[in-house]
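>>> What shape does this take:
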Amino acid sequence: MSEPWSRPLDVDRLADGGAEVDFAVALSELPALPAGIGGSVAGRARFGRAQGLAVAELTVRGAATLECQRCMQPLTLAVDSVVKVALIASESDVVRVPAEFEPVLAPGGRTSIGELVREELLLTLPIVPLHEGSEPCAAAPPAPQAAKAEAERAAQTHKPFARLGELMKR
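Residues are numbered from 1 along each chain as shown. Presented below is the predicted three-dimensional model:
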């Protein structure tokens with residue numbers, strides 16, 4: 001049985017009724033997100049109409065666990081987003097979307113809450129997740145150790161052509 005957030009919904013019916021849909025989604029179950037993503041989000045989608053278009057205000061809160069691309073260790077990022085989207089049936093309708101709304105394609109007037117959440121996460125989460133700020137990264141050694149390690153690497157560097165000039169003079 002599919003999860004309620006994954007079922008296609010008729011956006012016109014939801015918009016005409018001013019529906020509110022609460023959801024909770026495990027990120028590992030959403031398609032087309034980065035491999036190995038963990039965590040979950042919850043929120044609410046409030047549907048309505050604006051300038052004749054079906055619109056939704058999507059609130060998404062939770063945490064996503066990704067892999068830091070510097071140290072390859074888990075990195076937890078907070079997700080706290082509120083976005084207004086216009087649900088359009090075709091790309092030609094994008095010119096009718098008011099400036100305060102993001103256009104989201106809902107082919108045949110249908111979309112799922114999972115698709116709306118996935119689109120928002122793709123725009124919100126970093127392409128290259130890295131530890132930042134107060135969270136330490138295991139790949140970044142403390143400054144004194146980094147200088148020492150660099151000096152050791154320089155001492156071990158092999159220079160096969162270092163004496164080539166001397167040999168050429170012979």
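>>> Identify the residue nearest the residue positioned nearest the centre of the chain in space, chain neighbours excluded?
The residue lying closest to the centre of the chain (CA atoms, centre = their mean) is L125, at 2.7 Å. Leaving aside its sequence neighbours, L125 sits nearest to A64 (CB to CB, 6 or more residues apart in numbering; 6.0 Å). C-betas here are computed from N, CA, C, even on glycine.
>>> and what of L130?
Counting by CB to CB, 6+ apart, the residue nearest L130 is R70, at 5.3 Å.
>>> Equivalent analysis for F101, please.
F101 sits nearest to A86 (CB to CB, 6+ apart), 4.0 Å away.
>>> now do D16
Nearest one to D16, counting by CB to CB, 6+ apart, is R49 at 7.2 Å.
>>> and the one you found, helix, strand or coil?
Following DSSP: H, G, I helix; E, B strand; the rest coil, we place R49 in the strand state.
>>> Against S28, how distant is it?
If you measure R49 against S28 using CB to CB, to the nearest Å, the figure is 34 Å.
>>> Mind picking out the helix or strand in the protein with the poorest mean pLDDT?
Here the helix or strand of the chain ranked lowest by mean pLDDT, DSSP states H and E is helix 143-156, holding a mean of 64.
>>> can I get the CA coordinates of stretch 161-169 in PDB?
Presented in PDB, the C-alpha positions along stretch 161-169 are these (Å, rounded to 0.1, in the frame of the first residue of the first chain):
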ATOM      1  CA  PHE A 161      64.300  15.200 -13.000                       C
ATOM      2  CA  ALA A 162      66.000  17.300 -10.300                       C
ATOM      3  CA  ARG A 163      69.500  16.300 -11.500                       C
ATOM      4  CA  LEU A 164      68.600  16.300 -15.200                       C
ATOM      5  CA  GLY A 165      70.400  19.700 -15.800                       C
ATOM      6  CA  GLU A 166      73.700  18.300 -14.400                       C
ATOM      7  CA  LEU A 167      73.500  15.200 -16.600                       C
ATOM      8  CA  MET A 168      72.800  17.300 -19.700                       C
ATOM      9  CA  LYS A 169      76.000  19.300 -19.200                       C
END
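>>> quick one, helices of this protein?
Assigned by DSSP state H, the helices in the chain fall at 11-17, 113-124, 143-156, 164-168.
>>> and the first one, C-alpha only, in PDB?
Extracted in PDB, the C-alpha atoms of helix 11-17 (Å, rounded to 0.1, in the frame of the first residue of the first chain):
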ATOM      1  CA  VAL A  11      -5.100  20.000  -7.500                       C
ATOM      2  CA  ASP A  12      -8.200  21.800  -8.900                       C
ATOM      3  CA  ARG A  13     -10.400  20.000  -6.400                       C
ATOM      4  CA  LEU A  14      -8.000  20.700  -3.500                       C
ATOM      5  CA  ALA A  15      -7.700  24.400  -4.500                       C
ATOM      6  CA  ASP A  16     -11.500  24.900  -5.000                       C
ATOM      7  CA  GLY A  17     -12.100  23.400  -1.500                       C
END
